[in-house]
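>>> fold the following and give me the result.
(chains A, B and C)
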Amino acid sequence: MKTSEERPCADKRPGNYALLLALLVTVVASFAFLGIDLGALVGGDSLSQMGRYAGNFFNPDFSAPHLLAIGQGALETLAMSAIGTLLAALLGLLLALPAAGRFGWLALSGSRLLLNALRAIPELVWAALVVLAAGLGPNAGTLALALHTTGVLGRLFAEALENTPSEPAEAIRLSGGGHVAAFCYGTLPAVWPQLIAYSLYRWENNIRMASVLGFVGAGGLGQMLYVSLSLFQQAQAATVILAMLILVLGVDAFSGWVRQRWVSA
Amino acid sequence: MSVSLNGVGLTHANGQVALSEIDLQVKIGERVAIIGPSGAGKTSLLRLLASNLQPSSGQIHLLGQQPWRLGARQRQQLRARIGLIHQAPPLPPRQRVVTAVLAGKLGQWSLGKSLLNLLHPLDIPGAQAALARLDLADKLFERCDQLSGGQLQRVGIARVLYQAPELILADEPVSAMDPVLAGHTLSVLNEEVSRRGMTLLASLHAVELALAHFPRIIGVREGRIVFDLPPAAIGANALDALYANEQLPAVPASAAPAPVSVQIPRC
Amino acid sequence: MLNPLPRDPAALPRLALTLLAVLLLWPGLVLSELNLALLFDEQNAANMGRFLADFWPLAQDREFLRLLGRATLETLAIATAGMTLALLIAIPGALLASRALSLSALYRGGRPAWWAQALRWPVRGLLIVLRSVPEIVWALLFVRAVGLGPTAGVLAIAITYSGMLGKVYAEIFESVDPRPSRALLIAGSPRLAAFAYGILPNAGAEMLSYTVYRWECAIRASVVMGFVGAGGLGQQIDLSMRMFAGGEVASMLLTFLLLVLLADQLSRLLRARLL
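Numbering: from 1, shown residues only, chains lettered A, B, ... in the order given. Alright, predicted model coming up:
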């Protein structure tokens, strides 16, 4: 930042101190407002109670039927995230075309508004809404993921489309090709690697999300965890958490490897 | 009559006059070279003939039809009968040569066939034949970004040959090739055009090539036709007058494709 | 030409890829039980229609607005308090996990001894576990441990975000110019002093910027965590949804959007100011 270097430091300092003071006041006010008594939390009886509760988790249930159920839940989670991302990629591309300004400004602002609205509401809130509309189960989770991800991917896709050179598609139009053919032959070859990269990135994120959407009844590992915690089966819950951890770490490692192997090479 | 322009003028959106009072008749089967200094309006003229640009004044007939009196659908059908060879062929870098060549016939194929062809090339022999004429048959399955500029230009020519239009418009089709290859490529193009009875209009920067390969030469300067003669009738004086005080405009650099980067903060 | 009809070399791989995609997609579709028709099922559609029709007019009676204001403040407070606690864990964690202050690295061209690396691993592993379990899982666990309410949310944010901040801080420490801190360490200054004088001046701006960005994320997270009972706006949205009170849900979603927008602007302003 050039401008801040040119100015002498002194005239920015009082402002910064005031800012820090304001931050400090905000922090203190937050704790006061919430009425969290950290002393009571760590002191006395409650800490040992929490310790006993936590102790139950260090005895995970590795019995075969439970592991089988967890495998099923993990597969369900993977399927939800994959199908949700795929749906979102298709819908996102469909919405990205008007959002990249291909059908006039009215369609542009309309589709942008829709994409922003889809994106602004978190997956979990969508899941709660879809569970109301379509009932419990992985179907709701898939749709919720698809709705939010459509907003995210649609915006990214629209940007990618805007940055793609238009000459190849125009050349196809000039030799008599239709709009769809011009898009598939002129625009898609240049953007599809980017579209795939964005979708894969989002899928990675969605696996994480899919494993917790079950908390509002949308299937997958989350629903198992919620049920076992509600039934005070800490041993079973611990295994589910372990499975989630492995899923997340596995996806992280895999995507890191893929990126290093194919994207940066 | 293949091409007929009557008093055609073209003014760009920024008010710059590109062409004025162009009268030009080209019969079916004729081969015409357009020469002139940079910025004379050669490319604008070809874009006009490709129905890429709409004239601001005058009348334009292409293959017996007035493109700007037609509906969008019929205009696309007319465009399928006209092939434009670009100076820098706009081919997506990741597209394979075979797909790029087969894309020439998109105006004639149904949508279903076009989309199927994207998954699996449907007319490999056709693409190969077109490429073989230009000595590129071995590049059939390479990607466009692995070819040199001259090779890309030849792929662009092969695409238009595969399209088999009635009228071929070529905008500096051999500018990125060395002189020997350029001459060879031009004679191949001319042979094909004569053999199939097509009409050819080509703008060329190299005057010698134009004089050697074309029976009719049109000189363009400052948006007007200066002469329209057979090569034998063009003297040194006419050429000197055509290219007097040529100003070299800055060559617009073609934008490199943006590298794929995924940098989205995770929340 | 020896081979007049060359075969497309990409045909087989493409066919294989397509088959693979179908093979993977089919169980995916079955497992995810995708059924769009369910949305348009007569009864579901009618229910949903009634719920959505309730969205307008927005709920705005005095009682509800007071509740909404309180929930919004609670959300902000959860994010801020959670971030503060996260910082208390993240900074020591980052100092322990980072190679930047390694004494043994001084004499080995920047590579710490194997035992020094081995000692850092438990801390790194802890940070990884803290941030790899999603915050909402922590929230659910804490709701069971300390009861419904904002305390669970604060603790969940503190735990997850300490893992994230700790990792990023450690990376920032290692990415700044190591020479000032090495010079100090070689001159015999204690590690904390070497950190404060050698690393912090260079790393401070980046750390602050990332912290503010995370605070913005924490606001979103605290809303989401409300759905499992960790207080704030999310809990109220969940309650109103269960009661099918469309107007209240709409008001709160709108508030949430405004809050996120505001946090985004504030975070941008703070980062511009502090950098």
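
>>> who in the stretch 51-200 of chain B is up against chain A?
B:51-52, B:76-84, B:86, B:89-95, B:99, B:103-104, B:106-109, B:111, B:114-115, B:118, B:160, B:163, B:165 (CB under 8 Å from any CB of the partner chain). Where you see a C-beta, it was placed from the backbone N, CA and C, and this is true even at glycine.

>>> list buried residues within these.
Buried subset of those (neighbour count, 16 or more other CB atoms under 10 Å in any protein chain shown): B:51-52, B:76, B:78-84, B:86, B:89-95, B:99, B:103-104, B:106-109, B:114, B:118, B:160, B:163, B:165.

>>> just the residues of the stretch 51-200 of chain B next to chain A that are near chain C?
When CB under 8 Å from any CB is applied, no member of these is adjacent to chain C.

>>> go through the lengthiest helix in chain C and flag the buried ones.
Counting residues, the longest helix in chain C under DSSP state H turns out to be helix C:62-97. Buried residues in helix C:62-97, defined by neighbour count with 16+ other CB under 10 Å: C:64, C:67-68, C:71-87, C:89-91, C:93-97.

>>> packing partners of it?
In terms of contacts (3 or more CB pairs under 8 Å, 6 or more residues apart in numbering or on different chains; DSSP states H and E), helix C:62-97 is packed against helix A:13-34, helix C:114-132, helix C:150-175, helix C:200-225, helix C:232-242, helix C:246-274.

>>> need phi/psi at the closest residue to residue C:186 other than its chain neighbours.
Spatial nearest neighbour of residue C:186, excluding adjacent residues (CB to CB, 6 or more residues apart in numbering or on different chains): residue C:106 at 6.1 Å. Here is the backbone geometry of residue C:106 (degrees, to the nearest 10): phi -60, psi -40.

>>> same question, residue B:218
The phi/psi pair for residue B:218 (degrees, to the nearest 10) reads phi -120, psi 130.

>>> so which of the residues of the stretch 51-200 of chain B next to chain A sit within strands?
Among those, DSSP state E puts B:82-84 in strands.

>>> residues near residue C:203, how many?
By other CB atoms under 10 Å in any protein chain shown, the residues close to residue C:203 number 21.

>>> contact partners of the worst-scoring helix or strand of chain C on mean pLDDT?
Lowest on mean pLDDT, DSSP states H and E among the helices and strands of chain C sits helix C:37-40, with a mean of 79. Contact with helix C:37-40 is made by A:133-135, A:139, A:143, C:44-45, C:48, as judged by CB atoms under 8 Å, 6 or more residues apart in numbering or on different chains.

>>> and the next helix or strand along the chain from it, what's buried?
Sequence-wise, the next helix or strand downstream of helix C:37-40 (DSSP states H and E) is helix C:42-53. For helix C:42-53, the buried set under the neighbour-count rule, 16+ other CB under 10 Å, comprises C:44, C:48, C:51.

>>> residues touching the first one, list them.
Okay, so that is residue C:44. Residue C:44 touches A:133-135, C:38, counting by CB under 8 Å, 6+ apart.

>>> name the member of the residues you listed with the most neighbours.
Top of those by neighbour number is residue A:134, holding 24 neighbours under the definition other CB under 10 Å.

>>> these two touch, right, that one and residue A:142?
No. The pair residue A:134 / residue A:142 is not scored as a contact, 9.8 Å apart, by CB atoms under 8 Å.

>>> would you say residue B:61 is within a strand?
Yes. Looking at residue B:61 with DSSP: H, G, I helix; E, B strand; the rest coil, it is inside a strand.

>>> got the residues of chain A near chain B?
Counting by CB under 8 Å from any CB, the residues of chain A close to chain B are A:156, A:163, A:165, A:167-168, A:170-178, A:180-182, A:184-187, A:189-190, A:192-194, A:197-198, A:201, A:205, A:263.

>>> those: which ones sit near chain C?
Answer for the residues of chain A next to chain B near chain C: none qualify (CB under 8 Å from any CB).

>>> just the buried residues out of those, in PyMOL syntax.
Of those, the buried ones can be selected in PyMOL as follows, counting by 16+ other CB under 10 Å:
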select buried, chain A and resi 156+165+167+168+171+172+173+174+175+176+177+178+181+182+184+185+186+187+189+190+193+194+197+198+201+205
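
>>> check what pLDDT residue C:11 gets.
Residue C:11 is assigned 86 on the pLDDT scale.

>>> again with residue A:10
Per-residue pLDDT puts residue A:10 at 49.

>>> also residue C:222?
91.

>>> tell me which parts of the stretch 1-150 of chain B are close to chain C?
Contacts of the stretch 1-150 of chain B with chain C, taken as CB under 8 Å from any CB, map to B:96, B:98, B:119-121, B:124-125, B:128, B:132, B:137, B:140-141.

>>> among those residues, which are in helices?
B:98, B:119, B:124-125, B:128, B:132.

>>> drop anything exposed from these.
Buried members of those, scored by 16+ other CB under 10 Å, are B:98, B:124, B:128, B:132.

>>> output those residues in TSV, with pLDDT and distance to residue C:7 appended to each entry.
As requested, those are exported to TSV (pLDDT from 0 to 100; distance: CB to CB, whole Å):
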residue	pLDDT	distance to residue C:7
B:98	94	11
B:124	92	8
B:128	93	11
B:132	93	17
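
>>> make TSV from those residues and add distance to residue B:17 to it.
Formatted as TSV, these follow (distance: CB to CB, whole Å):
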residue	distance to residue B:17
B:98	42
B:124	47
B:128	45
B:132	44
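
>>> now the stretch 1-150 of chain B against chain A: closest residue?
Nearest residue of the stretch 1-150 of chain B to chain A (CB to the nearest CB) works out as residue B:107 at 2.3 Å.

>>> contacts only, for that residue.
Contacts of residue B:107 by CB under 8 Å, 6+ apart are A:175-177, B:76-77, B:79-80, B:163.

>>> OK, contacts around the closest residue to it other than its chain neighbours?
Sequence neighbours aside, residue A:176 is the residue nearest to residue B:107 in space, at 2.3 Å (criterion: CB to CB, 6+ apart). Contact partners of residue A:176, counting by CB under 8 Å, 6+ apart, are B:76-82, B:106-108.

>>> I figured residue C:180 was touching residue C:195, is that so?
No. Using CB under 8 Å, residue C:180 is not in contact with residue C:195, being 10.4 Å away.

>>> so those two - more neighbours on which side?
Neighbour tally, residue C:180 and residue C:195, criterion other CB under 10 Å: the higher count belongs to residue C:195, 21 against 15.

>>> hang on, the more buried one in a strand?
No. Using three-state DSSP, the assignment for residue C:195 is helix, not a strand.

>>> check whether the closest residue to it other than its chain neighbours sits in a helix, strand or coil.
By the measure of CB to CB, 6+ apart, the closest residue to residue C:195 outside its immediate chain neighbours is residue C:101, 5.9 Å from it. Secondary structure for residue C:101, judged by three-state DSSP, is coil.

>>> do you know the pLDDT at residue 25?
Assuming you mean chain A. 92.

>>> oops, I was thinking of chain C
pLDDT, read off for residue C:25, is 89.

>>> go on, residue C:274?
Residue C:274 is assigned 67 on the pLDDT scale.

>>> near chain C at all, the lengthiest helix in chain A?
Criterion DSSP H: the longest helix present in chain A is helix A:64-99. Yes. Shown here: helix A:64-99 in contact with chain C (CB under 8 Å from any CB) through A:75-76, A:78-80, A:82-84, A:86-87.

>>> hang on, residue A:152 packs against residue A:199?
No. If you go by CB under 8 Å, residue A:152 and residue A:199 don't touch, sitting 10.1 Å apart.
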